[in-house]
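> quick one, structure for this:
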Amino acid sequence: MEIAAIVTDDIVATLQPIWLKVPETARRVRGRIERVLDAARVAGHREGENPVRWKGHLELMMPKQRKLTGHHAAMPYVQVPDFYSNSTAN
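Next up, the predicted model:
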C-alpha cells in the first residue's frame with residue numbers, strides 16, 4: 001500500500017485486534033505509525049491530516065481502553081534477604 005493512500009479506516013483495522021487486548025502495545029504502535037506518517041508528510045510523500053492523529057480524531061473512534069489499577073503486593077521486608085539469596089543462587 002502506498003503511504004499516501006493510507007486512510008483512517010486502514011488504521012482502525014490495524015489497531016482494532018490489539019486495542020483492548022494489549023493496550024500499551026496498541027498505544028505504542030499507534031504512536032509509531034503517527035510518527036512515520038508525519039515524517040512522510042514532511043518529506044512530501046503524503047498530504048493532509050494524519051489519519052493516526054489521536055486528539056479529536058481516533059479518540060472518538062476507538063473504544064476506551066481499561067486503565068490499570070492497583071499494585072502488586074509488597075514482600076514483607078524480613079523475607080527479602082532469603083528471596084534475594086535464593087534468586088541469585090540459581
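> any idea how many residues pack against the nearest residue to residue 45 once chain neighbours are set aside?
Setting aside the residues directly before and after it, residue 45 is nearest to residue 3 in space (Cβ to Cβ, 6 or more residues apart in numbering), at 5.3 Å. C-beta here means a position set from N, CA and C on the backbone, and glycine is covered the same way. When counting by other Cβ atoms under 10 Å, one arrives at 13 neighbours for residue 3.
> with the one 5 residues further on instead?
Using other Cβ under 10 Å, the number of residues around residue 8 comes to 15.
> what's it sitting at in phi/psi?
For residue 8, the backbone dihedrals are phi -50, psi -40 (criterion: degrees, to the nearest 10).
> element containing the spatially most central residue of the chain?
In the chain, the residue lying closest to the centroid (Cα atoms, centre = their mean) is residue 27, at 1.8 Å. Using DSSP states H and E, residue 27 falls within helix 23-42.
> contacts for that helix next, please.
3-4, 6, 11, 14-15, 18-19, 46-48, 50-54, 58, 65-66 (Cβ atoms under 8 Å, 6 or more residues apart in numbering).
> what pLDDT does the residue lying farthest from the centre of the chain get?
Residue farthest from the centre of the chain, counting by Cα atoms, centre = their mean, is residue 78 at 38.0 Å. Per-residue confidence at residue 78 stands at 93 (pLDDT).
> where does pLDDT dip in this structure?
Along the chain, segments meeting pLDDT under 70 span 87-90.
> try 80
The chain contains residues with pLDDT under 80 at 67-72, 86-90.
> would you map the helices across it?
Defined through DSSP state H, the helices belonging to the chain, from first to last, are 8-19, 23-42, 80-89.
> buried ones in the helix holding residue 27?
26, 29, 30, 33, 34, 37, 40, 41 (16 or more other Cβ atoms under 10 Å).
> any idea how far the fifth one is from residue 67?
With distances defined as Cβ to Cβ, to the nearest Å, the gap from residue 34 to residue 67 amounts to 21 Å.
> same question, the third one
In this structure, residue 30 and residue 67 are separated by 17 Å, where distance is defined by Cβ to Cβ.
> repeat that for the first one.
Taking Cβ to Cβ as the criterion, residue 26 is separated from residue 67 by 14 Å.
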